[in-house]
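Participant: What shape does this take:
(chains A and B)
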Amino acid sequence: MESQLADVLMLSRIQFAANISFHILFPTITIALAWFLVYFKVRHEISGHPVWMRIYRFWVKVFALSFALGVVSGITMSFQFGTNWPGFMEKVGNIAGPLLGYEVLTAFFMEATFLGIMLFGSQRVPSWVHTLSTFLVAIGTSLSAFWIIALNSWMHTPDGFEMIDGVAHPLSWWDIIFNASMPYRLTHMMIASGLTAAFLIAGLSAYRLLKGDQKLAPRKAMSAGIVVAALLIPVQIFVGDLHGLNTFEHQPQKVAAMEGVWETERGAPLLLFAWPDETTRSNAFEVGVPGLASLILTHDLNGEIPGLNEFEEEGHPPVKPLFFGFRVMVGLGLLMLAVSWVSVWLLWRRGNVPVWMQRVLVGMTFSGWVATLAGWYVTEIGRQPWLVSGVLRTADAVTTVPGAQVGLSLTLYLVTYAVLLFAYLQTLFYMARKSVEVEEFERHGDVDLDELEARVSGQSDNATPEEAR
Amino acid sequence: MNLTDWLPEIFLVLMGLAVLIYAVLDGFDLGVGLLLPMDNEPQRSQMIASIGPFWDANETWLVLAVGILLIAFPEAHSLVLREMYLPAAFLLIGLILRGVSFDFRAKAITGHRRLWDYTFKAGSLISSMTLGYMLGRYVLAFQPGLVAQAFAVLSAVCVTAAFAYIGGAWLVMKAEGDLQIRAAYWSRRAGWVAAIGIAAISIMNPLVSADVAERWLSMPAVFLLIPIPLVCLLLVVLVDQYLKQVPTRNDVGCWFPFVAVALLFVLSFLGLAYSFFPYVVPGQLTAAESASATASLQFIGVGVAIVLPLILAYTAFAYRVFWGKSTELKYY
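Facilitator: As a prediction, this is how the structure comes out:
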């Protein structure tokens, strides 16, 4: 019985991790891409230059596809609480419920409804209503992030509640929503989304250029992506540091695992590499900069960092995923800094981005995804063994559904997600390649891409544009 | 007694409203998905174009319904989803497949389009069947045994037919020419199955549940309630007669089947609601028993009171924007 429960716990954790990892990929793109679309549309409104509308049209398709994947995987999330983690809602439902409810009410409906007008309505409504719809979709996606981050942060640093008969009851909604880690996490995530979208735009546009696209649209879009990335990345590094300090104050065990600190020490080194070993409770192959971790976290070369051994009794998170996850995130952040700044410099000095740099940008297309996932793994695994810090342990919230059922559902989800992710990536690059050819005709005027494609393919069922020509 | 004491019941009504709106709205677009003709690509594109701007917002009503169950009745939420763990997983897979196919088919490598259309149809079928199955399980409060399972399967078939029924009616309203005629034919056939299903469920429900029988068959309730099945029957016959005439001259009354079938949905829903109110899980948990803390309900209640009318307003606006016969879908 004991091992059966352990299996269900492990399977449920893997299932939740798989669902939320798959899900977060798409909001990470759409939250910021929505604002990019607002920018493109407004530029078009102001200048009347058709290139902005072409950029808009290409990226609104990417947005629609990403949004659809985000919506359907998000619905899965809303069921997961009940199917796999009934203990969560039974214990903290009074807090979590309304926050999730406000997300549905204020964000979901708005974005879903105006998305219809944004995607298909521009011929049916005045231009300003269409721009407004785009704007409302952007507001909706950001509001969604606000409520979800509020709840997630509350699980890390719960505040504003009291426990009555083992159930959390709200005392102050202000303290619940704006809990200690919420402003940092929200800012960090919003900028992460900005960087993810910026590198996606730059990367896919560079891909188009490499495929021989001579038009203005991909160059303009690539520049926009590069510049936004270059502006955001230093801010992100600064905010990330603040977020780390906040974590150090409220969840020191998480930071100890991130830094691989076992024994409480003064003047702790910043480890560039090490192999943390939980059986010996020490690190092998340490390479570090003396005193730097203490300096970063306490602003004192000799500052004290509490070690993992202090938390052995209460339980602390597994060390390896945090230690390496953190290094992947920071490493990618530094790479983003280098790539975006060199690109901007090249753009500024030479007026274009040379082919080698375009290749680098293509390679960086999904760097935002990897960094975001790594960051989320650090913070979420770093909360273990708690589901809600100090209030509810993960193991106490899991379902009593038989393990075989969870195993079956997990398999179904994994297969579906693998297929969809593959199809998504394939479709993005296919769309980019297609736009290289089809939009070529556009120079004669502001011709609609789909109409043109339909004309080329002769309205037939399976003929590709290539075959028809 | 003040408003606060009624909060659990208010939220139960809200949840019911969300379920009803979901059944009508996602009902028609799942129905359109079910009906996709695999022998005719232009018609498939036309059909999908007719639901393109709406499906996403329609699906959100399901999130709201489950959300209210989660927020207002966490205990019932856990119980329901624990009992229906696997059906819920299948429902979600179905909704995922349906939702993504819509976008993939529009952008995919052209040779893959047919595959995504199959996925679209399969996703709609899986979703409709599991929704119906879950409804059947829920109505009988998850009783074990062969009879209860058979009831749930019947419900799965009936709900799927009902979705095809309203989906076809939607197309009669939104399409023209051959597709409209085909849609009328489909809708008519599905309507018969749905009507038989509704009748069977209405008869079986009081037979298997003494409480439901008591509510419907006691005096004088029976006289007040008798119009409900009669109106349902009338609607089915009228819709059937109308669909037989499609295409009508000047397309007169093309909206009638859709409105009538939607009304049929409303009446069926009211029938179920009357059978079970104020239970959240029939015969097991009432709204008051499983409600979450008053402070939480108040906090979210304020939001609902402000936002829900707004949602209804801009949903109406979106339907108005895409009013009339659907045109080819273009991304702008």
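Participant: Who are the contact partners of B:Ala162?
Facilitator: B:27, B:190, B:194, B:197-198, B:265 (C-beta atoms under 8 Å, 6 or more residues apart in numbering or on different chains). Bear in mind the C-beta positions are built from the backbone N, C-alpha and C, glycine included.
Participant: What's the local residue count around A:Pro126?
Facilitator: Burial of A:Pro126 is recorded as 9 neighbouring residues (other C-beta atoms under 10 Å in any protein chain shown).
Participant: ok, back up a step: nearest to chain A among the contacts of B:Ala162?
Facilitator: B:Gly27 (16.6 Å; C-beta to the nearest C-beta).
Participant: which stretch of helix or strand covers the closest one?
Facilitator: helix B:7-35 (DSSP states H and E).
Participant: ok, how many other residues are close to B:Ala313?
Facilitator: Around B:Ala313 there are 10 residues (other C-beta under 10 Å).
Participant: Then the one 10 residues further on?
Facilitator: Number of residues near B:Trp323 (other C-beta under 10 Å) recorded here: 10.
Participant: what sits against it?
Facilitator: Counting by C-beta under 8 Å, 6+ apart, B:Trp323 has no contacts.
Participant: ok but it is inside a strand, no?
Facilitator: No: with DSSP: H, G, I helix; E, B strand; the rest coil as the criterion, B:Trp323 is located in coil rather than a strand.
Participant: how close does it get to B:Leu312?
Facilitator: 17 Å (C-beta to C-beta, to the nearest Å).
Participant: Surely A:Glu103 touches A:Ile148?
Facilitator: Yes: using C-beta atoms under 8 Å, A:Glu103 is in contact with A:Ile148, at 6.1 Å.
Participant: Of those two, which one has the most company?
Facilitator: In this view A:Glu103 and A:Ile148 are compared by other C-beta under 10 Å, and A:Glu103 has more residues nearby, 23 against 20.
Participant: would you say the more buried one is within a strand?
Facilitator: No: A:Glu103 is assigned helix when assessed by three-state DSSP, not a strand.
Participant: Leaving out the residues flanking it, which one is nearest to it?
Facilitator: With C-beta to C-beta, 6 or more residues apart in numbering or on different chains as the criterion, A:Glu103 has its nearest non-adjacent residue at 3.8 Å, and that residue is A:Trp147.
Participant: Now do the strand or helix carrying the one you found: which elements does it pack against?
Facilitator: According to DSSP H and E, A:Trp147 maps onto helix A:127-156. Packing partners of helix A:127-156 (3 or more C-beta pairs under 8 Å, 6 or more residues apart in numbering or on different chains; DSSP states H and E): helix A:2-47, helix A:86-102, helix A:109-120, helix A:173-177, helix A:182-210, strand A:386-388.
Participant: give me that answer again for 7 Å
Facilitator: helix A:2-47, helix A:86-102, helix A:109-120, helix A:182-210 (3 or more C-beta pairs under 7 Å, 6 or more residues apart in numbering or on different chains; DSSP states H and E).
Participant: Identify each buried residue in that helix, please.
Facilitator: Judged by neighbour count (16 or more other C-beta atoms under 10 Å in any protein chain shown), helix A:127-156 contains these buried residues: A:129-156.
Participant: So in that sheet, which strands flank the helix or strand just after it, and in what orientation?
Facilitator: Counting by DSSP H and E, the next helix or strand C-terminal to helix A:127-156 is strand A:161-164. Here strand A:161-164 is paired, per DSSP bridges, with strand A:167-170 (antiparallel).
Participant: The strand it pairs with - what's its average pLDDT?
Facilitator: The average pLDDT for strand A:167-170 rounds to 89.
Participant: anything in the helix holding B:Gly27 near chain A?
Facilitator: No: remark: helix B:7-35 sits outside contact range of chain A, by C-beta under 7 Å from any C-beta of the partner chain, the gap being at least 9.7 Å.
Participant: From the contact counts, what lies against that helix?
Facilitator: Against helix B:7-35 (3+ C-beta pairs under 7 Å, 6+ apart) you get helix B:41-51, helix B:55-72, helix B:113-139, helix B:146-174, helix B:256-276, helix B:287-290, helix B:294-321.
Participant: In CSV, list those along with distance to A:Thr411.
Facilitator: Below are these laid out as CSV (distance: least, C-beta to C-beta, whole Å):
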stretch, distance to A:Thr411
helix B:41-51, 30
helix B:55-72, 23
helix B:113-139, 16
helix B:146-174, 23
helix B:256-276, 34
helix B:287-290, 32
helix B:294-321, 36
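Participant: Residues of the stretch 51-200 of chain B that sit close to chain A?
Facilitator: Looking at chain A, the residues of the stretch 51-200 of chain B close enough under C-beta under 7 Å from any C-beta are B:52-54, B:56-57, B:59-60, B:63-64, B:66-67, B:70-71, B:74-75, B:77-78, B:81-82, B:85-86, B:88-89, B:92-93, B:95-96, B:99-100, B:102-104, B:107-111.
Participant: Buried ones among those residues?
Facilitator: Judged by 16+ other C-beta under 10 Å, buried ones among those: B:52-54, B:56-57, B:59-60, B:63-64, B:66-67, B:70-71, B:74-75, B:77-78, B:81-82, B:85-86, B:88-89, B:92-93, B:95-96, B:99-100, B:102-104, B:107-110.
Participant: And A:Glu259, how far from A:Leu308?
Facilitator: From A:Glu259 across to A:Leu308, the span is 10 Å (C-beta to C-beta).
Participant: Looking at these two, which is more packed in?
Facilitator: A:Glu259 (27 against 22).
Participant: pLDDT below threshold where in the chain?
Facilitator: You didn't say which chain, so I picked chain A. A:1-5, A:439-469 (pLDDT under 70).
Participant: my question was about chain B
Facilitator: B:1, B:108-111, B:327-332.
Participant: Quick check, the residue nearest to A:Glu103 in contact with A:Tyr102.
Facilitator: Yes: A:Trp147 lies in contact with A:Tyr102 (C-beta atoms under 7 Å); the separation is 5.2 Å.
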